[in-house]
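Undergrad: using only what follows, build the 3D model:
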Amino acid sequence: MPYCCQCGRGVGTPDIYCANCGARQPNTPAAAVDPLAAVSHRTASILCYIPMVGWVAAIVVLASMRFRQDRRVRFHAFQGFYLFVVWLIVDWVLSPVFGFAGPFHHFLPALLKAAVFGAWIFMLIKVAQEETFKLPIVGDLAEKSVSEQRV
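TA: Residues are numbered from 1 along each chain as shown. Prediction:
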């Protein structure tokens, strides 16, 4: 229990003023707790490749101060995010376009979705083994994004 800096009576931790003498109490702000402090670099990278929801982890990793200097984790965050963008392009753009292509209209979009899903699983395995693998087009974009970051 803290005490008043003027009269010495007990005051509560969140109190700004002493209830007895009215003196302003020295404000000692609590240390900010980093929610990502317990997350390892490997775990953060793995979370960025979880199919369909890894983009959320990628944004959190890219916005966090903890991984601001870690180029490897940021590379995986960008690559996982761009892989999700490829999934969206296939799902929202190519699927409707090939919807008018005749009897095999579901074949190509399904094949592309399977390729993206396979890339997610492949990257999960590579990152779990702590290997850095650059996917063909998406990896180049991720590498460029990391190199353009101001620290």
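Undergrad: quick one: low-confidence ranges for this protein?
TA: Counting by pLDDT under 70, the chain has low-confidence residues at 1, 28-32, 101-104, 151.
Undergrad: can you pull out the helices in this protein?
TA: 41-47, 54-63, 71-89, 95-97, 107-128, 136-147 (DSSP state H).
Undergrad: which strands and helices sit next to the shortest one?
TA: Right, the one you point to is helix 95-97. Taking 3 or more CB pairs under 8 Å, 6 or more residues apart in numbering; DSSP states H and E as contact, there are no helices or strands that helix 95-97 lies on. C-beta coordinates here come from the backbone N, C-alpha and C atoms, glycine included.
Undergrad: show residues contacting that helix.
TA: residue 109 (CB atoms under 8 Å, 6 or more residues apart in numbering).
Undergrad: and it, what's buried?
TA: residue 95 (16 or more other CB atoms under 10 Å).
Undergrad: for stretch 136-143, same thing?
TA: Neighbour-count burial for stretch 136-143 [16+ other CB under 10 Å]: 138-139, 142.
Undergrad: mind putting those residues into TSV with distance to residue 43?
TA: TSV is the format used below for the buried residues of stretch 136-143 (distance: CB to CB, whole Å):
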residue	distance to residue 43
138	21
139	21
142	19
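Undergrad: and which of those residues is nearest to residue 67?
TA: Among the buried residues of stretch 136-143, residue 142 lies closest to residue 67 (CB to CB), at 14.1 Å.
Undergrad: count of neighbours near residue 57?
TA: Neighbour count of residue 57, defined by other CB atoms under 10 Å: 22.
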